[in-house]
Structures are given as C-alpha cells and as structure tokens.
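Peer 1: here you go, sequence then predicted model.
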Amino acid sequence: MTKFWLRLLIASLTVIQISCSEPSTLICYITPDLEASAITASLAQCYQARSSHLLVKVVLNNGESFALSSALDVDLISVRIQEQQVAKSSHTALLDSITAVSDNLVNVLVFGSDSLGQLNDDHISSYIQQWPVNRGLAFVLYGPQPSSPLPIGRLGVVDADVSYDDGSTFRRALTLKMLIGLKGAAANTLQAHLLSNGVFIRVLSSSRFSTLPPVSWFNEHHEYQAPKQLSKDAAPYLMPLPVNSSMECWQSETAPLSDIHDWSGRQDFIGYLVESNRVQLLRNTPIAQWSALKRWQDLAIFVQDLSLDAINQVKLASYGRFSDADMSAPLGSAHEWQSTFDTFNTTAAGLLTATQQAVANSSKLVYFSSITPGLHQHLSPDRLLYLTEEDWMYRRQFVWLSTKGSTTHTHFDQDYNVFIQLVGTKRFWFFPPSSHQAQRMFPRVHPLWHKSKIDLCHPNFEEFPEAASLIPTVVDVRAGDVLYIPPYVWHRVVTTSDVSLSLSTLSHDDELREAMSSIYKLDHKFDRLASPEGQRYAFRLYVDLLINEMVGFKATDQYIQTLLWERYQGLEHLFEENASLCDSTRIPTAQHVYGDCVTDMRLVTAGLEQVKAVEVRDLLLADYIEELAAQIVGGKQVYAFFRSCFQGQEYEVTELGTPEHDLWEYAIQHRDEDDQ
C-alpha cells in the first residue's frame, strides 16, 4: 500500500508575558541611553547576578549597533527598536547579532515599529530562512504594518488568525491533507517554507502582546536515563526511610519570611491574603480572642471537646516524617504498600494517653480530624476565615494534634489555606510552585502524587542533586498566629513544641476548579475508538498536539524525557515493563483521527490557558497527561507507554480498506450517538 510518512508540523507559539513575579528569574532591562559598550557590560552583569533564568530586554533607539555575546546563557532576549530614525545598518547588525546568541536561547522576540520597513527585503528573507529550527520566532509590530511589500507582509494582518491558500493559519496546525504534501503556489508561500523547516511566525500588535498568557518554556529540560536492572519488591514502601535517618537532620540554607504583619484593629483578612497570592503571617487578628487558645492548653479538655467515642487513624513513628497517601490514585491498588509509620484506632482516653507517652518517649504522633461541633463552638468568629459564603457553609476545616519532631512531608495543596496555630509551636519551610522540578515530585498516578520524593531533612544529593539548590523561606508560628498558604506552594511543617494543636481552613479556588473541571469532563474522542490499540495511538497523537500547543514546537519527546526524569526516576520498579505498546518506528494515524484530536486539543488548551500562573499550568498539564495515560493503558503501564511511544517515531497515514485502518472504528454506541 502507499505510505505517507509525516512530520506533524504543529504551529504553536505563544508570546511570553514578562513579569517579575517568578523568583527564579532575573529580568534585565537595557535602557535606550546606554552606549554599545555599556549594553554589553550590562548583559554580562545580569548574567553574573542571575539566580536561575535570565531575561534580557534591550531597548535600542540611539542608532548604535552592537553584538550580543554568544557566551551568555540567556533564556530570552526581547529587542525593541523604538525610533524610525534608527539607521538601516543598525537594524541589520542587530538582527545578525541575535542569531549568534547561545544555543540555549529558547525564544527570541523582535519588537519593531513600522520602521522595520527600512530593512532590505532580501536581508529579512535570508534572515528568516536561516533561523534555527529549534527556536520560535515572532515579529511584534508596534504601529501599522510596513507599507512596502516585504516578506513579513505576507504573514497577514495584525491580531488575526489569517488563512492562506494552503489552508494554514497562524495559531493552528495545518490540516492533515496539507501535511501530506503542499503543491503549487501554496508550497512557495513563506509560511509553508517556515513550517517545513520547523519555524513558526506570528504577527502581534503591542496591545495584544501584553495580554497573552505566558508559556512554559522556563522549565529546564533533563535527559532521562532508564535503570539497567529493576528490582521488584513484593510490598514496596510508599516512601522508604532515608539511609541516614539516624543522623542529625541536615540544616539547609534558609531565608526568613518577611511578610509578617500586625493586624491590630482590623477585622477581615481573607480577601487581602488571597489577592496577595503569597505566604503571609498575621498576628493580633480577631482569632487571638478565640476561647480555644486558652482552653486547649489542657490537652484533656481538647480531647473532651472533640466528643468522639472512636478515634481512628492515629499515626505513630520513631522517624517523624508522615505522608498521607491517596490510595484512589491509579497505583494505589496495584501494590501491597508498606508504610514507615504505624496506624492505630483508639478511644478519646486512649488518644490522651498515647500523646502523653509519645512526649515521654520522644516518639512522633499525629492525629488529624475534621472539626466536630464540640470543637467548633470554641472557634468563633470564623466567617473571616472563608473566602465565600459557600466555603463557609461547607466548612472544610481540620484540626491537627502532633508531638515534637512530627513532620508533614514536603507537599502542596490545591486550596486557599488559612492555617492557625492554636497550641504550641511549628516551623514551616516554603518553596515556590515553580520549584516542582527540583522537588522531583511523585507521578500523578502514585498515591503520594502531590508530594516531593526528596526528604529535605536527609536528602540524597547523589540521587537528587537539585535539593542542594533549594533555599526555603522559613517561619516559626506560635499560638494565635494566622498563616496564609496559597495553592500550589510547596511546604514542609515540623512540630517544635512537645504538643501542638493546629487548624487548617480551606477555601476553593473556584476559577481554577471550573477551568480544570471543564477539561476533565471532556468526552475525548479517542475514548470512543473500539480498539484499545487505536485508542493508544490516537492518544499518542493527542499528547503530541497538546504539548506542541502548550509547550513548544517539536517539544514532545523532550517534554516526556523531562517528565520521566522529574517524576518517574527511581520508581520504575513499581510499573510493568511493556516495550510493545507502540511500534518502535512509526505511529499510525488517520485524517479523521487527527481532526478529532485537534478539536479536543483546542478545547483543552482553552481551559488550561485560563490558569494564569505558568508554573501551576505546567504542573496541571503533566498531571492531566498522566491521568489520561492511566485511563488508556492502565496505571501500571503508564511508564512503559511514555518510554515506548515517545521515541521520535514518524506518523504514517493508514489507507482506507486496509486491516490497520480498522483501528479507527468507533465503538457501536458512540457510532450511534454520532448518527443522531
């Protein structure tokens, strides 16, 4: 049969919104009044001062030409040519110098005005055609487009998704028909040439540029190395104890929390805290008047107010790291898991005795419970803890009892958390959401999916060298303190007093929940295919489309490599090996399957783009892909799917009437639905 070997040329470039909110990013602005030598010096100074990523914004209007040093490891350079009077030679030198920047450059944005029309047509054509295929390219036009018939004018109208004779548009992929082969005049269009070389161009106005969501190109990429041999444990640990757990806890470099405020004379604070979107500690709030703060200094009275006959799931351990597991995760029922702590049920009197014994024996004890009516009457007023009336009505409020040394393992939560220390003291370590790669979090399919694989008290630097670069923000809380923890902020908590009582009050991030709910409720069309193999290959195509749209052109294989490195490395033994999930050389597909996947991809990206924080969106995108993979191949084969199906295979279109084309038959019930 005739075979068409494809490279899916998925045109996907979203401009980065420059912001100072990312703590690991240094943004360097080069101002117009600098001479060329000063610009070069400023770039070098920025490079030396950077913490992780470097963004450089160069504003040039003095006609000076200069070269950007190719030795600089720069993530993004944005250049704005402000004045029409800038000499043509300066434009030319500037464009030439950008191409000489380090290979680690992920994207270059050239800001121009209509003075771009002063450039030579041939020079622009040559410049564009020689653009490296692994970099995105965007001309951002300030003011009207050039009136002269430049090649850039062939790209279309500012702020429009322009269709050409070849059927392509700026933001969307070419149709499968066009991918098979461009012919005639369509093959000679500038966009067709760029797409065939892996380059995508988009024309934007300055106003549109400022409103675009950021893209997730500031994740570092890592090559995954599979282990040569896997050891299968009959009953693996959820998270084993560190080898050096008997040694003194490693003291990392820390930074004190600076957002500590006296709230005397003021009432409501939840709106202020949520809007700030940062960890803050408030003292002398109305919470300081709660009767619980004095009443529960006597632990026996707290147990009495708890008013429960049966006390369940009390945790006790000699090593105080506690990690609550979500056993509903796909791997939850796949193994007989071992835990590093004991769990027991008791009575109210038994809880009091067990706590007293743990204090005497220096054991670590933790008990977690929803707020009971007996406790709630001593926690008033409490409306100021909830963001909305609905949150107040549902009262997602929990109390923690713990003894000295008990540690809540590094994790993040997905709700607005107002934490109140009632009795005793605790110490918090905070890390930004953007540190999720360095945290080497567990896979979404694992019962510890929102937790770090690194024990920060006894880190294994050989396995997790990134742990050495983590510098937490630390704060100690005492009775009456109100601590706000935004969603997706990583935190580790240690009880520092003999006994501690704490309260967590949760409010939902409704906008984020609605956006993600719309994604997870989507009836993906690949689910409708009757063949499990067809579902697998269609899902493989869908992931490719999704990553190209959300992360970057041709970024899929690298993205999967980084995902395996970040989440799966060291856990390979928990999964089944299956190298036959995908063909090693080709991924079969069909025109209607491609069209269905594109439709689903557009719906999902529309939802994900509502997530404003790029680091959160990165995390949610990976979670979403993992969860879908578990549905398609089963939780125990997710790792094998990522390993065998993302090896750079080419796409091949199956022919109608061939046995392989039967992969794309819909199940009968779905076929009937489509006919209605």
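Peer 2: Sure, I can see it. Residues are numbered from 1 along each chain as shown.
Peer 1: any regions of the stretch 201-350 of the chain where pLDDT drops low?
Peer 2: 201-221, 229-234 (pLDDT under 70).
Peer 1: what do you get if the cut-off is 90, keeping everything else the same?
Peer 2: Counting by pLDDT under 90, the stretch 201-350 of the chain contains low-confidence ranges at 201-256, 258-259, 265, 267, 276-277, 309, 318-320, 323-324, 333-336, 338-340.
Peer 1: where along the stretch 401-550 of the chain do the strands fall?
Peer 2: Under the criterion DSSP state E, counting those that start in this stretch, the stretch 401-550 of the chain contains strands at 407-411, 416-423, 426-431, 473-477, 482-485, 490-495, 499-507.
Peer 1: need the ones you listed in JSON lines (columns: distance to residue 440 and mean neighbour count).
Peer 2: In short, each C-beta sits where N, CA and C put it, glycine included. What follows is the strands of the stretch 401-550 of the chain, written out as JSON lines (distance: least, C-beta to C-beta, whole Å; neighbours: other C-beta atoms under 10 Å):
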{"stretch": "strand 407-411", "distance to residue 440": "10", "mean neighbour count": "23"}
{"stretch": "strand 416-423", "distance to residue 440": "23", "mean neighbour count": "24"}
{"stretch": "strand 426-431", "distance to residue 440": "12", "mean neighbour count": "21"}
{"stretch": "strand 473-477", "distance to residue 440": "20", "mean neighbour count": "19"}
{"stretch": "strand 482-485", "distance to residue 440": "21", "mean neighbour count": "24"}
{"stretch": "strand 490-495", "distance to residue 440": "11", "mean neighbour count": "24"}
{"stretch": "strand 499-507", "distance to residue 440": "25", "mean neighbour count": "22"}
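Peer 1: now for these, which one comes closest to residue 579?
Peer 2: Closest approach to residue 579 among these (C-beta to C-beta): strand 407-411, 33.5 Å.
Peer 1: could you give the average pLDDT over that closest one?
Peer 2: Averaging pLDDT along strand 407-411 gives 93.
Peer 1: and residue 256, its phi and psi?
Peer 2: Per-residue torsions, residue 256: phi -70, psi 150 (degrees, to the nearest 10).
Peer 1: and it, how many residues sit next to it?
Peer 2: By the measure other C-beta atoms under 10 Å, the count of residues near residue 256 is 9.
Peer 1: which residue packs closest to it, ignoring adjacent ones?
Peer 2: Distances taken as C-beta to C-beta, 6 or more residues apart in numbering put residue 474 closest to residue 256, at 6.2 Å, once the chain neighbours are dropped.
Peer 1: list the contacts for the one you found?
Peer 2: The contact partners of residue 474, taken as C-beta atoms under 8 Å, 6 or more residues apart in numbering, are 254-257, 427-430.
Peer 1: now it: how far from residue 496?
Peer 2: To residue 496, residue 474 is 11 Å away according to C-beta to C-beta, to the nearest Å.
Peer 1: got any residues that touch both of the two?
Peer 2: residue 427.
Peer 1: quick one on the thing from earlier: how close does the residue nearest to residue 256 sit to residue 329?
Peer 2: 30 Å.
Peer 1: cool, and residue 366?
Peer 2: 21 Å.
Peer 1: mind checking which of the strands of the stretch 401-550 of the chain is nearest residue 388?
Peer 2: strand 499-507 (6.7 Å).
Peer 1: correct me if wrong: residue 623 contacts residue 443.
Peer 2: No: with contact defined as C-beta atoms under 8 Å, residue 623 and residue 443 do not form a contacting pair (9.1 Å).
Peer 1: tell me which of those two has more neighbours.
Peer 2: Comparing residue 623 with residue 443 by other C-beta under 10 Å, the one with more neighbours is residue 443, at 28 against 18.
Peer 1: spatially nearest residue to that one (excluding sequence neighbours)?
Peer 2: Per C-beta to C-beta, 6+ apart, closest to residue 443 is residue 567, 4.4 Å.
Peer 1: so that neighbour makes contact with residue 442?
Peer 2: Yes: look at residue 567 against residue 442 with C-beta under 8 Å: they come within range, at 6.5 Å.
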